[in-house]
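Peer 1: For reference, the sequence and a predicted model appear below.
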Amino acid sequence: MSGAAAREGASTGAPGAAPERPRLDPGRGPGDGPKRGPWRGILITIVGGLLTAGIAAAIVSPGLLGGRPGAASDAEPILSQLTPAEIAAALPTLDPATSKAAVDDAKSCKAPLGWVTVVQRPGGRGGGMVRIRSGVYLSPPIQVTNTPQRIAVPYPSPYPAGRGVLSLVGDADEVWMYLRPGWFLPTLKGSASINVHWTVGNPCG
């Protein structure tokens, strides 16, 4: 075979021709793929942390995702009632000087007591001191902490009415007051109120 034919066979890939060597880019070895920059790992870490924090907050504070900002015009949440068996444990959270009639009515099945939970937002740096106003009743001062506190209150209007107004009074930040759903106040300076309702039934049923 002449030298020209051999060169032609090598360039066209004809049988018997020596295969061409793959061309490699300068500075890249065989099998090297696209390089991943450091920002990809950082972004994955940040997104994972945010998702984990959100899930943890929802677990620590059930109802967090269904909370409503504090305003009397919001849809009315439900004020739940204490069962007769829970009354004794709730007495320390009540003002003994002004709650006697309501406690007597609850024990005699005339009208139940309601209850709410007060807690600082998970991870918050707020806190403060609040009181709960329910009708003419005003609770003792409550120190807002990261530990949920279940507070008993008389219903804010005559029980058969089925609805009324609750107020938080005081100076505090990042406060949840759990009804159904929860009520979140980023900042409380003075008083904030919300309409509530309940299903009228047998107080001892």
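Peer 2: Received, thanks.

Peer 1: Next, residue 88: phi, psi?
Peer 2: phi -60, psi -40 (degrees, to the nearest 10).

Peer 1: Could you find the closest non-adjacent residue to residue 193?
Peer 2: residue 167 (4.3 Å; CB to CB, 6 or more residues apart in numbering). All C-beta atoms are positioned from the backbone trio N, CA, C, and that covers glycine.

Peer 1: Under the pLDDT cut-off, which ranges of this structure? List them.
Peer 2: Counting by pLDDT under 70, the ranges of the chain that qualify are 1-74, 205.

Peer 1: all strands for it, in order.
Peer 2: Along the chain, the segments classed as strands by DSSP state E run 68-69, 80-81, 113-120, 127-134, 137-138, 142-144, 149-154, 163-178, 182-197.

Peer 1: Residue 173 reaches residue 188, doesn't it?
Peer 2: Yes - counting by CB atoms under 8 Å, residue 173 does reach residue 188; the two are 7.2 Å apart.

Peer 1: These two: which is more packed in?
Peer 2: Legend: neighbour count by other CB atoms under 10 Å for residue 173 and residue 188, higher for residue 188 (22 against 17).

Peer 1: Tell me how many other residues crowd residue 163.
Peer 2: By the criterion of other CB under 10 Å, residue 163 has 14 neighbours.

Peer 1: cool, residue 171 as well?
Peer 2: Residue 171: 12 surrounding residues under other CB under 10 Å.

Peer 1: Leaving out sequence neighbours, find the closest residue to it.
Peer 2: Per CB to CB, 6+ apart, closest to residue 171 is residue 128, 5.2 Å.

Peer 1: Double-check that neighbour against residue 172; I have them as touching.
Peer 2: Yes - Residue 128 is within contact range of residue 172, at 2.7 Å (criterion: CB under 8 Å).

Peer 1: Perfect, I'm done here.
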